[in-house]
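Trainee: Sequence first, predicted model second:
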Amino acid sequence: MQLLKIVNTSIILCYISFMMANEGKTTTVQSVERALDLLELVANSEQSISIMELMEKTGLNRTTIWRILGTLEKRGYIEKDEVTKNYQRGVKLYQLVRGNDSYSYLVKVIQPYMEEISKKYNETVILSVFQNKKMYNICQVDPEQTVRLMNYTNTFSPLHCSSNGKLQLSYFTEEELESYLMYPLEEFSSFTITNRQALKKQLKEISQQKYSLSIGEYDESENAISIAIEANNNPIAFITLGGPAFRISEKDLREAAPQLLEVAKEISSKLI
């Protein structure tokens, strides 16, 4: 809840600044107030929220809500699922909490832990976030190994076959997951799961164990494990430990899981 309180405070501060800039011209701006009401409802909703729910909570008509949400979506403060038509928090909303460069803040807090993990296992550690329906890799710490993973910084990874992507999928609601699975699952290697039911089964296991593995699914020569950094029980970032398949096995990664989950808890406590 701490993150959402900060979001609300940031929104209010933005509104106050706007009103101070227009002092003497008007005492209230109805369209701004309505936009803030809708933004706060979306921000405080643990799951994606529908226009019908927003109508019930605000008393506004569908057309007004649709226009305001369209603007907020265009600016990146909310995201819309094209199938369910529901809305959820966008990347810009998190940036509003931590400033213009929220990723720099995440890197500042998390990178020291990444360096410790990389040193302990002598393998690559990657920090990523969910963005534009893919995983965006924002930072990477490499080991002192001649053979290691490629530099994934500033690249996107698919959800259904990367360890961080599957972990993100495990947080989806049933409706959100069905929406995602309406599209074909691309095969990246002979180990990629392209069967929807098989993926659903694995996601249930991931949800229970709180970590995700990718054993040659994205790249046959690479194995990885990912854990989530949470705020209000929602993932805001992911840490991935990975390396060449010939050097780090599924057994190795599962043995590392308990310690990685403890690290995730410690980081989460610093971010909220």
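Mentor: Okay, I see it.
Trainee: Lys90 and Gly76 touch, don't they?
Mentor: Careful, residue 90 is Gly and not Lys. Yes. Using C-beta atoms under 8 Å, Gly90 is in contact with Gly76, at 4.9 Å. Where C-beta positions appear, they are placed from N, C-alpha and C, glycine not excepted.
Trainee: what ranges do the strands span in this protein?
Mentor: Assigned by DSSP state E, the strands in the chain fall at 78-80, 87-89, 124-131, 134-141, 155-157, 211-215, 222-231, 234-244.
Trainee: want to throw the ones you listed into a markdown table with distance to Thr64 and mean pLDDT?
Mentor: As requested, the strands of the chain are exported to a markdown table (distance: least, C-beta to C-beta, whole Å; pLDDT from 0 to 100):
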| stretch | distance to Thr64 | mean pLDDT |
| --- | --- | --- |
| strand 78-80 | 15 | 84 |
| strand 87-89 | 15 | 84 |
| strand 124-131 | 29 | 95 |
| strand 134-141 | 32 | 94 |
| strand 155-157 | 35 | 93 |
| strand 211-215 | 41 | 98 |
| strand 222-231 | 31 | 95 |
| strand 234-244 | 28 | 95 |
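Trainee: I'd assumed Gly90 was in contact with Glu73.
Mentor: Yes. Counting by C-beta under 8 Å, Gly90 is a contact partner of Glu73 at 7.2 Å.
Trainee: Between the two, point out the one with more neighbours.
Mentor: The neighbour comparison of Glu73 against Gly90 (other C-beta atoms under 10 Å) goes to Gly90, with 21 against 14.
Trainee: quick one: the more buried one and Leu169, what's the gap?
Mentor: According to C-beta to C-beta, to the nearest Å, Gly90 and Leu169 sit 18 Å apart.
Trainee: got it, and Tyr77?
Mentor: 23 Å.
Trainee: excluding its backbone neighbours, what's nearest Ala228?
Mentor: With sequence-adjacent residues excluded and distances taken as C-beta to C-beta, 6 or more residues apart in numbering, Ala228 is closest to Pro235, at 4.1 Å.
Trainee: Near Gln47, how many other residues are there?
Mentor: Residues lying near Gln47 (other C-beta under 10 Å) number 11.
Trainee: which residues does Lys134 contact?
Mentor: Lys134 makes contacts with Phe156, Ser157, Pro158, Leu159, Gly165, as judged by C-beta atoms under 8 Å, 6 or more residues apart in numbering.
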